[in-house]
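Novice: Predicted model and sequence follow; I will ask about them next.
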Amino acid sequence: MIQVLRFLFLIPTGFVLACFVASFALLWPFIDLPASASVDPFVWTELVFGFFAQATQVGTLALIPWGLFMVLTEALGQRSLILHAAAGLAGGFAAARIPPGAGSAALETAMIVAGLAFGLVYWIVAGHGAGSWRRRPTALPPPQA
């Protein structure tokens, strides 16, 4: 029963939280708040709306490739932090190469860092237990003489 809850709640929650963290990593280098921003509610509304719009964009872009990755790691029981970080880096690098001529080195770096953050947060929330639903083969008892 606990494994059903893992598939229904923990894995999607890990994906959504990873999208939030990746969108934060994408937006943080480019936010330059003026001194008057601390009292202006419109600036904060714009930031929050932009954050959720960016998180939606990250989730839309990553849903199918990361979904395939999630299915493979669950089926094969791969729980490696290095594997999840490398998959996030590969996704960030691929996303940085999608728009031809986007050009900005800062934007490409932010996309790669966002991919790494995505992979790490997903591993922290849900990836470290990948394949835990599978029964492990039990060791055979030692042969008796």
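Specialist: Structure received.
Novice: ok, for the most centrally placed residue in the chain, nearest residue in space, not its chain neighbours?
Specialist: Using Cα atoms, centre = their mean, the residue of the chain that lies closest to the mean C-alpha position is Phe118, 2.7 Å off. Excluding the flanking residues, the one nearest Phe118 by Cβ to Cβ, 6 or more residues apart in numbering is Ala22, at 4.1 Å. C-betas here are computed from N, CA, C, even on glycine.
Novice: ok, Leu17 - contacts?
Specialist: Val121, Tyr122, Val125 (Cβ atoms under 8 Å, 6 or more residues apart in numbering).
Novice: Let's have the residues you listed in TSV, adding secondary structure.
Specialist: Below are those laid out as TSV (DSSP: H, G, I helix; E, B strand; the rest coil):
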residue	secondary structure
Val121	helix
Tyr122	helix
Val125	helix
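Novice: Downstream of the lowest-mean-pLDDT helix or strand in the chain, the next helix or strand is which one?
Specialist: Lowest on mean pLDDT, DSSP states H and E among the helices and strands of the chain sits helix 2-5, with a mean of 67. Scanning forward in sequence from helix 2-5 by DSSP states H and E, the next helix or strand is helix 11-27.
Novice: circling back to that earlier point, and the residue nearest to the centre of the chain, how far is that from Ile64?
Specialist: 14 Å (Cβ to Cβ, to the nearest Å).
Novice: Next, the angle helix 11-27 makes with the helix or strand where the residue nearest to the centre of the chain lies.
Specialist: Element membership for Phe118 (DSSP H and E) is helix 105-125. Here the directions of helix 105-125 and helix 11-27 differ by 160 degrees (axes from the mean of the first three to the mean of the last three Cα atoms, to 10 degrees).
Novice: Return the list of helices and strands in contact with helix 105-125.
Specialist: If you count contacts as 3 or more Cβ pairs under 8 Å, 6 or more residues apart in numbering; DSSP states H and E, helix 105-125 packs onto helix 11-27, helix 41-76, helix 81-97.
Novice: Sounds good, over and out.
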